[in-house]
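Participant: have a look; sequence and predicted model below, questions after that.
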Amino acid sequence: MIEGLIAGLFDGISIGAVLLIVALGLAIVFGLMGVINLAHGELMMLGAYTTYVVQNGAKGLGGWAVESYIFVALPLAFLVAALVGLLMERSVIRHLYGRPLETLLATWGVSLILRQFVRSVNSPMAIGLVIFAALFVVGLWVLRRYTDWERIRSWANPVFFLLSFAIAALAGFILQSSGSAQFTRAWFSARNVDVTPPSWLRGGLALGTVLQFPYARLFIIVLTVLCLVGIYWFLQKSVWGLRIRSVTQNRSMSACLGIPTERVDALTFALGSGLAGIAGCAVTLLGSVGPNLGGNYIVDAFMVVVVGGVGKLVGSIVAAMVIGIITYLVGSGTLALVLSPFAALQPVTDFFTFFATTSMAKVMVFALIIAFLQVRPAGMFPQKGRSVEV
Amino acid sequence: MSQSVATPLPIADPLTAPMLKISGLNFFYGESHILRNVDLTVPKGQMVCLIGRNGVGKTTLLKNIMGLLRPRQGDIQYEGQSVTALSPDQRARRGIGYVPQGREIIPRLSVRENLLVGYEALGNRGQSINRQTIPEEIFELFPVLKTMLERMGGDLSGGQQQQLAIARAMMGKPKLLVLDEPTEGIQPSIILDIEAAIRRIIATAGISVLLVEQHLHFVRQADYYYAMQKGGIVASGPTQELTNDVIQQFLAV
Amino acid sequence: MAVDLPIQPRRTSKALRQKRLLIEAGIVVAIALVLILVMPLVLTGFRLGLLGRFLSLAIVALGIDLIWGFTGLLSLGHGIFFALGGYAFAMYLQLTELPAGQLPEFFSLYGVSSLPWFWQPFYSLPFTLLAMVAIPAIVAGLFGYLVFRNRIRGVYFSILTQAALVVFFNFFNGQQKLINGTNGLKTATSVFLGQQVGGPEMRYFFYVATVIALALMYALCRWLTSGRFGRMLVAIRDDENRVRFSGYNPASFKVLVFAVSGAIAGIAGALYTVQSGIISPQAMDIGFSIEMVIWVAVGGRATLIGAILGAVLVNIARTMLSERFPDVWLFFQGALFLLVVTALPDGIVGWVRSRFGDRLPALFGGPSAVPAYVAEMELEAESYREKELADQ
């Protein structure tokens, strides 16, 4: 009985840890900018694909590389996702500041593009992208340097964008139709791919005869704790952390004090995106990697943000753990099992049995969340003086 | 409106180029005309006081100076250069310190952190300053802050917050200090402290000050005054010439 | 105030208003007649069926426009109401013409021997027709009540609707024994009013029904958004607190309009289901519900005609693109989201209106984007705040 409870708790915590690591970046960005990034799941997916690529590279090297690829993959996944996030923020999101609903739609657009991108990316497309980026960036730099940029920017920007895009698309198209089959093959197939964890993350830590803690889940818990400690340290002790906290609490006054709010936004968005990348790397240990990987986690992560409240890490931690544990206890049928010996509680047992699958457990958790919001509409740890609307 | 509306502000010494020069400023909220052709000059090293009843657009004018609001027409020049296109943080880093109405202390940062945030306005100026410690001058101005460095900014009383807001602005070594009703809603004993501190800042730091104020005896200490009504400047001149008539007309409720 | 206001207060005479209304009604009827009488001659049966489906999607777009365009509530979960309407009609079609005592076929696969209780009322056509509207409306109203009464709004509201959508998807997807789970309910071979649903006569019947429903829903939305109720919705969108301070309760208005919008989506779902031949949990796919919003955005939010235009145009584009280049469609759709949000915030109708101004017929009219009173209000709020601080 006790062992069952511990095992259940462990599984719940490990679900919660995954939720938390996914929700962490989301919560920080939401706290600062009031923006929910619907492409967060796709940034995770990029992190997962980065891990897949690194692992394939490691397989080529063999030996120790196969065992330790994950320590290369983690920072790389962070970097890839952070760079894509930075690009998103600079190119789209900053223009939508103060319009959170439009931002929601724009990030969804990005998520669609990213999902299709990993399905169809091949060498011609990648070359086309590089050509586009080079033309656009160099072109803008030249224009900025040699012309009266402020005067022409309203028409020059879109014109230049379209021009570079057309040239790049043409180049990609020519490469696509003339290249060999090998050259034009998609890098990743549309089907899911598998990442094999290093051997030391397979199997589990056995305690007694019944208890078994899978190493992969332990690793994710440790990783989540490390990320939390890192974020906490960064926010509390570093200069940029102080700036982020200041802007989060009072944006216009922070600007009047000289804090470069645009750079704070960009940095925070990149940081949140990078955390998504780490989350993506972590979940490769749990299952296969596909273009729709993010969708499995993302809505739960939104709920963590809603339940936890804005602006405090502890809210996200508690919310993730509570949601994780309830999801597990209901979804695995543990609750129904515990109640089954009591004949008088038969209806209650039936009730919980009805919800005893992973997807039905989500139904119940959502009902509980709506009920919870009736009591605490601003989440567990609401910040003083901020409205729910943000 | 027989006051010196059209006459340009008499600048005592031609060498003292204006620190801040606002010309032909028009601001709209949507379609409502809030600021109408505002001209205002703050000479270097002088204190200028802006008076007027509530709701005439004083705070809106200060927000335009800081860049929190964007004018539809007109120009704001700071140290002879236009800053109209700059963002609030860029203006702050050029040396405009702002003490807003309602203090706007960052609530969940400690007093120490609130002060350290003030260093942000230094930008590239003052590279030699150690930005982890708070200089002793700040505590000389506001001794009370030294005792509550670890308290949260939001937990301070109104008067303490006001002192913190001024201290925070001073951390960035501003060349122009913009104060929006610093004595408003504060108990009289602390008002005296705050006034003394501001006087001391002007005397020792030699900075320019633009002050919105209702307290008459404080107004009297300014070098120049501007009176606002319905979004426009309706009177201005040296403070010695601020007669009771003017006060009756533009300040008394 | 020397500035000329972009929107003159409408002090048109009653007679003029009535004349305009008549013209508008005439245009609507004319378009409906063209759709009903001319289109079947021009288009092949397959294309006409597509158009019918697009028009039923245009009905959802009207519902979305009502809450997003006018009231500022971004629902990412309208697939729920769409699917509920579709399931209601499909359940009736499963039961109708069934020999007494027999169950729809799929039940036997899961060893279900008696009809689940909630299927029973769907033997009745009047109940079904009512349920198509009422069930989505009640679900939307209940959800809206629980959320709006706590003043949850903005992004929070949007992601809660999305979570609700996922939850409904999970529920319908997981319950084989109740509603055939992931396979959904097929309607093509069922019989309705003595004819097979998938047959040509019925297809034309549902096409006509869709056009009429669209015209009626347009009229309903037009009626709701003009006049006091419409002004209240726009006021809630632009400044909810002011509405609250004026002594109204925005929550009840929001619950009502959300329920109406849900009911409209339910009708659309029912019509779409019979024209496509199936309703499955796929109708509650996350992407589908967000796409509904983009139809409205493409056409032009807060313009009803824009919602209809957007829904039809985007779906035509989708059909053309995904027939030829299936890979490109997602890229295109993603780019559409970005383009509409950043470059064309007022959509096609807004763009047309800004170019051609007031010379457009009343059909393109609609409440303005920024009412002049907002500005007045800002100023008032500031002077109020100054006074309040001074009084302390």
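Facilitator: Structure received.

Participant: using the three-state scheme, assign whatever residue of the stretch 51-200 of chain C ends up closest to chain B.
Facilitator: Chain B sits closest to residue C:72 of the stretch 51-200 of chain C, with a gap of 17.4 Å, by Cβ to the nearest Cβ. Using the backbone N, CA and C atoms, a C-beta is placed for each residue, glycine as well. Local secondary structure at residue C:72 is given as coil here, using DSSP: H, G, I helix; E, B strand; the rest coil.

Participant: residues contacting the closest residue to it other than its chain neighbours?
Facilitator: Distances taken as Cβ to Cβ, 6 or more residues apart in numbering or on different chains put residue C:237 closest to residue C:72, at 3.2 Å, once the chain neighbours are dropped. Counting by Cβ atoms under 8 Å, 6 or more residues apart in numbering or on different chains, residue C:237 touches C:70, C:71, C:72.

Participant: what about residue C:237, which SS state?
Facilitator: helix.

Participant: distance of it relative to chain A?
Facilitator: For residue C:237, the distance to chain A equals 11 Å [Cβ to the nearest Cβ, to the nearest Å].

Participant: tell me the confidence at that residue?
Facilitator: As predicted, residue C:237 sits at a pLDDT of 89.

Participant: quick one: it from residue C:60, how far?
Facilitator: Distance of residue C:237 to residue C:60, given as Cβ to Cβ, to the nearest Å: 20 Å.

Participant: and what of residue A:117?
Facilitator: The value you get for residue A:117 to residue C:60, if Cβ to Cβ is used, is 29 Å.

Participant: more neighbours: which of those two?
Facilitator: Neighbour totals were compared for residue A:117 and residue C:60, and residue C:60 leads with 31 against 21 (other Cβ atoms under 10 Å in any protein chain shown).

Participant: give me every residue that touches residue B:82.
Facilitator: With Cβ under 8 Å, 6+ apart, residue B:82 has these contacts: B:75, B:76.

Participant: tell me the phi and psi of it?
Facilitator: Phi and psi for residue B:82, reported as degrees, to the nearest 10, are phi -70, psi 130.

Participant: try residue B:36
Facilitator: Torsion angles, degrees, to the nearest 10, at residue B:36: phi -120, psi 110.

Participant: so which elements touch the helix or strand that contains residue A:231?
Facilitator: According to DSSP states H and E, residue A:231 maps onto helix A:215-237. Counting contacts by 3 or more Cβ pairs under 8 Å, 6 or more residues apart in numbering or on different chains; DSSP states H and E, helix A:215-237 is packed against helix A:2-33, strand A:204-207, helix A:239-249, helix A:261-283, helix A:313-331.

Participant: how about the helix or strand just after the fourth one, which residues are buried there?
Facilitator: It stands for helix A:261-283. The first helix or strand that comes after helix A:261-283 along the chain, using DSSP H and E, is helix A:295-308. Along helix A:295-308, these residues count as buried under the neighbour rule (16 or more other Cβ atoms under 10 Å in any protein chain shown): A:295, A:297-308.

Participant: sec struct for residue B:21, please.
Facilitator: strand.

Participant: ok, the nearest residue to it once chain neighbours are set aside - how many residues close by?
Facilitator: Of all residues not flanking residue B:21 in the chain, residue B:77 sits nearest, at 4.3 Å (Cβ to Cβ, 6+ apart). Neighbourhood size, residue B:77 [other Cβ under 10 Å]: 17.

Participant: quick one: distance of the host helix or strand of residue B:77 to the chain centre.
Facilitator: Residue B:77 is part of strand B:73-78, with elements assigned from DSSP H and E. Here strand B:73-78 shows a centroid-to-chain-centroid distance of 17 Å under the convention Cα atoms, centre = their mean, to the nearest Å.

Participant: for it, packing partners?
Facilitator: Against strand B:73-78 (3+ Cβ pairs under 8 Å, 6+ apart) you get strand B:18-29.

Participant: state the pLDDT value of residue A:161.
Facilitator: Value listed for residue A:161 in the pLDDT field: 82.

Participant: same check on the one 10 residues further on?
Facilitator: Model confidence at residue A:171, given as pLDDT, is 85.

Participant: burial measure for it, as a count.
Facilitator: 17.

Participant: helix, strand or coil for it?
Facilitator: helix.

Participant: and the residue in chain B positioned nearest to chain C, backbone torsions?
Facilitator: Proximity of chain B to chain C (Cβ to the nearest Cβ) peaks at residue B:30, 2.4 Å away. Main-chain torsions, residue B:30, degrees, to the nearest 10: phi 60, psi -110.

Participant: buried set for the helix or strand containing residue C:311?
Facilitator: Assigned by DSSP H and E, residue C:311 belongs to helix C:304-324. By neighbour count on 16+ other Cβ under 10 Å, the buried set for helix C:304-324 is C:304-315, C:318, C:321.

Participant: reformat these into JSON lines and put distance to chain A and pLDDT next to each item.
Facilitator: Output for those, formatted as JSON lines (distance: Cβ to the nearest Cβ, whole Å; pLDDT from 0 to 100):
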{"residue": "C:304", "distance to chain A": "19", "pLDDT": "90"}
{"residue": "C:305", "distance to chain A": "21", "pLDDT": "91"}
{"residue": "C:306", "distance to chain A": "16", "pLDDT": "92"}
{"residue": "C:307", "distance to chain A": "15", "pLDDT": "94"}
{"residue": "C:308", "distance to chain A": "20", "pLDDT": "94"}
{"residue": "C:309", "distance to chain A": "18", "pLDDT": "93"}
{"residue": "C:310", "distance to chain A": "13", "pLDDT": "94"}
{"residue": "C:311", "distance to chain A": "16", "pLDDT": "95"}
{"residue": "C:312", "distance to chain A": "20", "pLDDT": "94"}
{"residue": "C:313", "distance to chain A": "17", "pLDDT": "94"}
{"residue": "C:314", "distance to chain A": "13", "pLDDT": "93"}
{"residue": "C:315", "distance to chain A": "16", "pLDDT": "94"}
{"residue": "C:318", "distance to chain A": "12", "pLDDT": "90"}
{"residue": "C:321", "distance to chain A": "12", "pLDDT": "87"}
